[in-house]
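>>> no sequence on this one, just coordinates:
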């Protein structure tokens, strides 16, 4: 009975981990497909490993090699999820700034840099293009107050 309970706990924990990772990656695309495959393998191994321990005579192959492969695949999936999160934050921040610039009639290009925190946030921005001095000052204040990127971390190239 205790073994069955441990199996259920590990399956629930693995499912929760997969659910959290699935929310970090945008739906569709190569990153989502890779992560879905990795999560499937991870869940399959979560189920098979305790069963293999219960029936050692019936299952004569060693799961340690597959476990190492699953760990490696899980690491790759987590890395892909982190990268997809970073790309999403950069893309949304750029769009946010460009929409505000359009309101001032400015045609700009924006490059956003993120910090290295667990949940990355924009820490610097490089903006190039033609913009009036009034619009630039307003944009600088807006970026500092709305996005938390101080004026010192904003590089403006005309």
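Alright, I've got the coordinates. Fair warning: this is a prediction, and the values are worked out from it, not measured in the lab.
>>> Wasn't residue 108 part of a strand?
Yes - judged by DSSP: H, G, I helix; E, B strand; the rest coil, residue 108 forms part of a strand.
>>> Tell me which stretches of the chain form strands.
107-114, 122-130, 154-157 (DSSP state E).
>>> what packs against the longest one?
Same thing as strand 122-130. Under the contact definition 3 or more Cβ pairs under 8 Å, 6 or more residues apart in numbering; DSSP states H and E, strand 122-130 sits against helix 64-103, strand 107-114, strand 154-157. Every residue, glycine included, has its C-beta placed from N, CA and C.
>>> neighbouring contacts of the last one?
Right, strand 154-157. Identification of contacts with strand 154-157 by Cβ atoms under 8 Å, 6 or more residues apart in numbering yields 124-129, 131, 136, 140, 143-144.
>>> list the buried ones in that strand?
Within strand 154-157, the residues that count as buried by 16 or more other Cβ atoms under 10 Å are residue 154.
>>> For the helices and strands packed on strand 122-130, could you give me TSV that also reports mean pLDDT and distance to residue 18?
Shown next, in TSV, are the helices and strands packed on strand 122-130 (pLDDT from 0 to 100; distance: least, Cβ to Cβ, whole Å):
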stretch	mean pLDDT	distance to residue 18
helix 64-103	87	9
strand 107-114	93	25
strand 154-157	93	39
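>>> In CSV: the ones you listed, plus distance to residue 9.
Compiled in CSV, the helices and strands packed on strand 122-130 are given as follows (distance: least, Cβ to Cβ, whole Å):
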stretch, distance to residue 9
helix 64-103, 18
strand 107-114, 36
strand 154-157, 49
